[in-house]
Every structure is written in C-alpha cells, then in structure tokens.
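Asks: quick check, what structure comes out for this input:
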Amino acid sequence: MSELSAFLKELHEHVAPENSEQRLQIGASTSKRIYGLDATRAILLLGGPLVHSVFSSYSTPLLQLAVQTSHLFRMSAFFMIAAYLAALNTKSSQPRWLIGRMQQLLISLATMCVIMELVGQWAKVYHPSLSLTPPLIPLHLWFLVALAAVSPITGMLDRSLRAQGFVTFVGCRPVVLLGLALCTSLLFTVLARSLRDTSFSSLTFVNLWLPVLLVDAPKHAVFYLLGYTVARSAYFRRFVFDPKFVATGIASLAASLLIYSLSGGDSFLNSAASPLKVVVLIIFECTKILMGLTILSLALRCSRAPTLLLWLSKASYTIYLLHFPFIILISYSIINIYPSINSYILFFTCFALSLGLSCGAYALMSHSQIAMFLFNGKQIRLGKATKLPFVGKLLKSRDLTTA
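Replies: Residues are numbered from 1 along each chain as shown. Predicted structure coming up:
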C-alpha cells in the first residue's frame, strides 16, 4: 500500500507541478540553467587529458592511482549527466533532435578518424623506429559510439511511454534497480575482459572497435538509463539525493582506492582470474554506479559555477576531441629527444600543453562555422556564413541557385 501511495503521489507531482522550482526538480523542461551540471561536465571531460597523459612505460604508483580514481567515477557520472540533460530537453524524443545528436556525434568522430590517420603517418616519418602495428584510431572517443547507440533508443522509448500516458519511471524499489544495474554492468565487464584477451591474427580498424560496439556501449547504456531515471522519477531522485546515499558513494570510492592500493594495483587487475579478483571487480562496479549518482546529485545542488568552468564546459567537447592527437605529437617528440625523461615531467608537460593547445584550437575554431561543423556537427547557416565572405556570397549567388 505504501508503494502504491508513493506512486500516486509521484504521478500527481508530474501531472500537476505546483511551481517552476518543482518542475526543475522533477526533470521537466525548464529555461533555468543548471550551472552545476555544466561545471561538473567540464571537470569530467578534463579528466581525459589527465588520464591519457599517463603512459605505461613512464608510469608510477601515484600516477596509476590517479588514473584508477578517474576510472571509478568519471565516465559513469558523465553518462548519467548526459542522460539527465537529455531528459530535461522536451525535444529529446523527437526525430529532429535525434538526427541533430547523431550529426554532432558521428561527424566529429569521422573528422577525428582522418586526423588520427594523419598523426599516424607523421609518427611513421618522424619516428620510423616506432612500431605502429595497431592503426592510430580515435579510441578515446569510444563514448561517442555509446551515446550514438543509446540516445535514439532511450528517446524513442521515452516518447512511446509518454504517448501511452506514462510520465515517470517507477515500478521497483531503488535498491532493486541499483542491483539490476550492477548485475548488468558486471556482465559486460566480464565480457569486455574476455573479448580484449582474445588474440587476433592482426589488429585492424574493425577488431579494435569490436569491444567498444559489443561491450562498452551497452555497459555504459546502463549508466545512461540510471541518469534518465533520476530525471524522470521523483521517487528514485529522493533516494539518490539522500545525504546517506551521498556518504555511501564517497565511502565506496575511498574503500575501492584502498583495495586497489593494497592488492597491488594494475598488476593484480591484469592477473589471471581468481575469486578475490571477482570480489574486487564487484566492489569497483558498485563504486562506479554509486559515485556516478553521487556526483549527479551534488552537481544538481550547485546553483552557481565559476566563469572559467562555464567557458570550459562550452569548449570541453572540442577539447576532448583534440587533446589525444596533441598528446601523441607532444609525447613522441619529447621521448624521441629525451628517452629517459622523468615520468612526472612527461606527465605534466603532456597534460598542460595538450590542454592549452586544445583550448587555443577551440578559441580559433569557434569563429568558423566550417570548423564547428566538422568538430561539433553544428549546421552551417548561410546568413552568418563562414568567416570567408566570398564563399558566403558564392553560395547565396542567384546565378548559382537558379542554374
């Protein structure tokens, strides 16, 4: 009876929200900007350059701990925030919005494939002793494939449910929902490890992307659906916003890092399967779910954000696209000249230079509609044509359009 009354109360809140603040809380469309989400998304994406600036041959226990800390919450929180923002947008279930989302994701991915191929050719010429058996492809953008897969499915599902009169996702206790998410995430984690341990006769473009398409995309779809549920279900949102839940998420992160340090770090995770390793993986997957939801709930509590973080939030997508080729160019150049360079100097140099160059590239490209189309999928509007006036005049020429 208590569950039924909770469901009816939530249904009433969705059908007849009392004020704009309540509409914001239940995830309805609102013009009010949630600055905490913008700032948090910028911080999460900036973790990419930090993680990718750590190289296995130049790593230390401290740098490995920093990378593992990022792995325990960064991408799960990113997918949950992306889903929450999509749920706030009333157009997110419409075909036009979905086409725009696909355009933004896939055009930038295609652009980066070309850039990474050029970087690979440069590396072969500049550093011929380097064995580039696997082709250089933008595997750092695997999450674009996952978003491209889950966005239309979730959007169409949400549209179908709303058309049938369902305005919220309820039906099971939050603990049960989290348990289902954990089991699904664990299943795909095991599949990912077994698939990556498979020995291919040769590393090609196809089998490098295979684990991403078959495992990583559906696994992170679980995180995406959890973020969507937070936006749609006030019942589940109250559970996640509880201070006890937030404390549990932070405690799970601390426990996971302690276990990682005591167990031997990456050497233990890369060792043969064992019962202890299974237990550790279960704890790590729990942490990813709990910390993702914790970060989402903390971000929603923030009403303000520094101006710098808001600018980085706008630039974060382009920064994440470009930082990886910059890191390759910088690291290959430095290691070729100073092969015995200190690990921390290499890390901070690659991180700072790749971040700075990516920010500078965004500042330049943001003034060009062609560049923003290639790297962000934004449509080119002839009225405010590109920064090449003669191109705009040519495209708008009556002689050309009437030919």
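
Asks: now residue 146: which helix or strand?
Replies: Assigned by DSSP states H and E, residue 146 belongs to helix 142-163.

Asks: list the buried residues in that helix.
Replies: For helix 142-163, burial by neighbour count (16 or more other Cβ atoms under 10 Å) applies to 142-152, 154-155, 158. In short, each C-beta sits where N, CA and C put it, glycine included.

Asks: quick check: which element contains the residue nearest to residue 186 when sequence neighbours are not counted?
Replies: Distances taken as Cβ to Cβ, 6 or more residues apart in numbering put residue 285 closest to residue 186, at 5.3 Å, once the chain neighbours are dropped. Counting by DSSP H and E, the element that carries residue 285 is helix 275-301.

Asks: tell me how far residue 184 lies from residue 336.
Replies: The spacing between residue 184 and residue 336, counted by Cβ to Cβ, to the nearest Å, is 44 Å.

Asks: between these two, point out the one with more neighbours.
Replies: Higher neighbour count among residue 184 and residue 336: residue 184, with 16 against 13, using other Cβ atoms under 10 Å.

Asks: got the contact list for residue 365?
Replies: Neighbour list for residue 365: 318, 371, 372, 375 [criterion: Cβ atoms under 8 Å, 6 or more residues apart in numbering].

Asks: does residue 314 sit in a helix or strand, and which one?
Replies: Assigned by DSSP H and E, residue 314 falls in helix 307-337.

Asks: quick one: distance of that helix to the chain centre.
Replies: Taking Cα atoms, centre = their mean, to the nearest Å, one finds helix 307-337 lying 16 Å from the centre of the chain it belongs to.

Asks: can you point out the buried residues in that helix?
Replies: In helix 307-337, counting by 16+ other Cβ under 10 Å, buried: 309-310, 312-313, 315-332, 334-335.

Asks: just give me the neighbour total for the residue nearest to residue 186.
Replies: Residue 285 is flanked by 24 other residues according to other Cβ under 10 Å.

Asks: could you measure from it over to residue 181?
Replies: Distance of residue 285 to residue 181, computed by Cβ to Cβ: 9 Å.

Asks: picking up where we left off before, and the next helix or strand past the helix holding residue 314?
Replies: Using DSSP H and E, the helix or strand that follows helix 307-337 in sequence is helix 343-365.

Asks: may I see the ChimeraX selection of the buried members of the contacts of residue 365?
Replies: Per 16+ other Cβ under 10 Å, the buried members of these correspond to this ChimeraX selection:
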select :318,371,372,375
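
Asks: take the contacts of residue 365 and keep only those in helices.
Replies: Judged by DSSP state H, helices contain the following of the contacts of residue 365: 318, 371, 372, 375.

Asks: centroid-nearest residue for this protein?
Replies: In the chain, the centroid-proximal residue (Cα atoms, centre = their mean) is residue 78; its distance is 4.5 Å.
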